[in-house]
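[1] for reference, the sequence and a predicted model appear below.
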Amino acid sequence: MLLRRRARMLRWLVPARLGPVWMWKVLLLFVALAFAGQLLGVIFNKSVHPVTRSIFSSPDAQGPSLGSCQPHNHIMFLKTHKTASSTVLNMLYRFGEEHDLRFALPLGYQLGYPLPFNAHRVKGYQGPNAVEFHIMGNHMRFYKPEVEKVMPADTFYFSIIRDPVALAESSFAYYKEVAPAFRKTKGLGDFADDPMKYYDPRLRNNHYARNLLWFDFGMDHNINFSVALAKHGVAMIRQTFKLILVSEYFDQSMILLRHALCWPLDAVVSFSLNARQQKPSNTGRTSGSWVGRAADIAIVGNKGGIPQFKALPNMSLTEEQREKLRRWNALDWYVYKAFNQTFWEEVTKFGHAKMEEEVAILRTRREELARVCLKDGGKPVEAHRIRDKSIRPFQSGLIKILGYELQPGLDAVTRAACLRMIRPEIQYKDLLDAKQFPRAPAAQAQPPQGAPEAGQERECWGEMLLSERCWSRREIGTEAIY
Ligand SMILES: Nc1ncnc2c1ncn2[C@@H]1O[C@H](COP(=O)(O)OS(=O)(=O)O)[C@@H](OP(=O)(O)O)[C@H]1O
């Protein structure tokens, strides 16, 4: 009786206070539709969302005005070894990919290195001027007459150098097992004390141990030093290369490069690639490394479930040993000093105040992109910690080469742009190769066939002595012995 009276009261109340029933039905229908929309959004991920504005399309991506210049798109970058050149190449890859430019890619992974460059090492090369190539930037030993067969006459040539002591440290860590002169030593200090004890100029891969810059620029790195000779080498480089960047001043280098190429700011914003995990040296310096400390030993294998250890090479150097390394690499040291001076003359021409301002903008932008793109604020991580195997960097020797992890949950446009910035060189080359030569399928964005995964690479060293990359054994047979 009481219930019936309450129900009657409710029937009277609802239409009067909360509106007619049809209105409730319409409202319910809307709620159901909205819910279904959300559900579909989750199922199909971002595809049903309207495309969100990516950070890469914000006005900050352009950077300070460049005036009325036209972007360069015929570019040759001499990728010198252990100078931050992979970070630079990544920018070229990104710019070329975004603008549909054609790369002069190697048949394998390097343009015939360490042999002097030959045009036939370029995939798709069909004779002088037969194909328009826009960008060339993989490792090569420079040889101008052959490069000119591939690249158009209005090509902008540039390269990058690094302090020979820092370069020697990086080269020693990376090529310890590859260069016979390094292999025999206990540590870099030991090598610096008496290089001639270990160095035989006739042995393959020993160029990594002496005047590596001079060698990459195509000159004889074993020739006795004289000022006249060094001056001549510098003049030769100047004749061709319109800009020589300096690794120690990477950000200032990027500003000069951006203005020389007339590129937007984002094109020269990068995350450092190919960094090595290392211990600070006993001078208290860390060779320009910002990464964490490595253990003194590395796990090199596993026998019957027992991990096998090997001591990491001793990298510490006294000031005296640093000086000895400068003398040992006297040609490189001369080149470094000469182009360091030229670099700062260029900065003066550009304007120091303007440079400071633009460097600050570049750094802010890099921090912003790191926050958006990278996990843990952009801290580089060891390869085996990177879940996505396709973006693990190649490992060399006992030291660890670090990479990055992407921030989860990025929208598709942002994710693709972030991924470009951290994709390692080898994988990026494969991707571009597959795009440029669609009928010859290459493993897209994955280590090439036969390439070791991070951690397995040491198995290769025994059999790989023709060139530096383990999987360049693919090239064995086509590449003459150096
Ligand atoms: N942005 C930036 N600024 C300064 N230094 C940088 C930068 N990016 C990479 N690096 C350092 O460059 C070293 C790797 O050089 P490469 O990429 O030329 O090496 S390689 O020849 O392609 O193997 C390697 O040096 P080491 O860590 O001393 O070995 C990198 O840490």
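    Everything's here; your move.

[2] flag the shaky bits of the chain, pLDDT-wise.
    Low-confidence segments of the chain, defined by pLDDT under 70, span residues 1-24, 26-27, 30-52, 278-310, 440-482.

[3] which residue ranges form the strands in it?
    75-78, 135-136, 156-161, 243-246, 276-277, 297-303, 306-311, 381-382, 400-403 (DSSP state E).

[4] quick check: residues of this structure near the ligand?
    Proximity of the chain to the ligand is confined to 81-87, 170, 173, 247, 250, 272-276, 287-289 under the rule CB under 6 Å from any ligand atom. All C-beta atoms are positioned from the backbone trio N, CA, C, and that covers glycine.

[5] could I have the PyMOL command that selects the buried members from those?
    Here is the PyMOL command that selects the buried residues among the residues of the chain next to the ligand (16 or more other CB atoms under 10 Å):
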select buried, resi 81+82+83+84+85+86+87+170+173+247+250+272+273+274+275+276+287+288+289
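
[6] would you agree residue 61 is in contact with residue 266?
    Yes - assessed by CB atoms under 8 Å, residue 61 is found in contact with residue 266 at 4.2 Å.

[7] alpha carbons of stretch 210-228, as PDB, please.
    C-alpha atoms of stretch 210-228 as PDB (Å, rounded to 0.1, in the frame of the first residue of the first chain):
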ATOM      1  CA  ARG A 210      96.800   7.400 -35.800                       C
ATOM      2  CA  ASN A 211      95.700  10.700 -37.400                       C
ATOM      3  CA  LEU A 212      92.200   9.300 -38.100                       C
ATOM      4  CA  LEU A 213      90.800  12.700 -39.200                       C
ATOM      5  CA  TRP A 214      93.700  13.200 -41.700                       C
ATOM      6  CA  PHE A 215      93.000   9.600 -43.000                       C
ATOM      7  CA  ASP A 216      89.200  10.300 -43.400                       C
ATOM      8  CA  PHE A 217      89.900  13.400 -45.400                       C
ATOM      9  CA  GLY A 218      91.800  11.200 -47.800                       C
ATOM     10  CA  MET A 219      95.400  12.000 -46.900                       C
ATOM     11  CA  ASP A 220      98.400   9.900 -45.900                       C
ATOM     12  CA  HIS A 221      98.100   9.600 -42.200                       C
ATOM     13  CA  ASN A 222     101.500   7.900 -41.700                       C
ATOM     14  CA  ILE A 223     103.600  10.600 -43.300                       C
ATOM     15  CA  ASN A 224     106.100  12.400 -41.100                       C
ATOM     16  CA  PHE A 225     104.800  15.700 -39.700                       C
ATOM     17  CA  SER A 226     106.000  19.000 -41.000                       C
ATOM     18  CA  VAL A 227     104.300  22.400 -40.800                       C
ATOM     19  CA  ALA A 228     104.500  22.800 -44.600                       C
END
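
[8] who touches it?
    Contacts with stretch 210-228, where a contact means CB atoms under 8 Å, 6 or more residues apart in numbering, come from 78, 80-83, 114, 116-117, 139-144, 159, 161-162, 164, 167, 171, 181, 195, 199, 201, 207, 229, 233, 236-237, 328-332, 334-336.

[9] try stretch 363-383
    55, 60, 63, 251, 265-266, 269-272, 275, 277, 291, 392-393, 395, 400-408, 410, 414, 417-418, 421-422, 454-455.

[10] which of residue 61 and residue 266 has more residues huddled nearby?
    Using other CB atoms under 10 Å, the more surrounded residue of residue 61 and residue 266 is residue 266, with 26 against 17.

[11] so that one sits against residue 55, correct?
    No - counting by CB under 8 Å, residue 266 does not reach residue 55; the two are 9.4 Å apart.

[12] now do the shared contacts for those two.
    Common contacts of residue 266 and residue 55 (CB under 8 Å, 6+ apart): 61, 369.

[13] next, find the distance separating residue 246 from residue 149.
    Residue 246 sits 30 Å away from residue 149, going by CB to CB, to the nearest Å.

[14] ok, those two, which is more surrounded?
    Counting neighbours by other CB under 10 Å for residue 246 and for residue 149 shows that residue 246 has the greater number, 21 against 17.

[15] neighbours of residue 387, just the number please.
    11.

[16] please verify my assumption that it contacts residue 405.
    Yes - if you go by CB under 8 Å, residue 387 and residue 405 touch, sitting 6.9 Å apart.

[17] contacting residues around the residue of the stretch 351-482 of the chain found nearest the ligand?
    Relative to the ligand, the nearest point of the stretch 351-482 of the chain is residue 425 (6.6 Å; CB to the nearest ligand atom). By CB under 8 Å, 6+ apart, residue 425 lies in contact with 86, 89-90, 273-274, 394.

[18] and if you look at residue 163?
    Contacts of residue 163 by CB under 8 Å, 6+ apart are 247-248, 336.

[19] closest one to the ligand out of the residues you listed, please.
    Comparing the contacts of residue 163 against the ligand with CB to the nearest ligand atom places residue 247 closest, at 5.1 Å.

[20] can you tell me the closest non-neighbouring residue to the closest one?
    residue 162 (3.8 Å; CB to CB, 6 or more residues apart in numbering).

[21] likewise for residue 179?
    residue 208 (4.2 Å).

[22] any idea how many residues pack against that neighbour?
    Residue 208 has 22 neighbouring residues, counting by other CB under 10 Å.

[23] contacts for stretch 99-106 next, please.
    Around stretch 99-106, the neighbours that count as contacts under CB under 8 Å, 6+ apart are 73, 93, 95-96, 111-112, 121-125, 131-138, 150-151, 429, 432-433, 436.

[24] what's the spacing between it and its chain's center?
    Relative to its parent chain, stretch 99-106 has a centroid offset of 17 Å by CA atoms, centre = their mean, to the nearest Å.

[25] what of stretch 201-212?
    That offset, for stretch 201-212, works out to 24 Å (CA atoms, centre = their mean).

[26] do me a favour and get the end-to-end distance for that stretch?
    This stretch, stretch 201-212, spans 13 Å end to end (CA to CA, to the nearest Å).

[27] quick check: buried residues in that stretch?
    Across stretch 201-212, burial judged by 16+ other CB under 10 Å covers 205-212.

[28] now swap in stretch 364-374 and tell me
    365-366, 369-370, 372-374.
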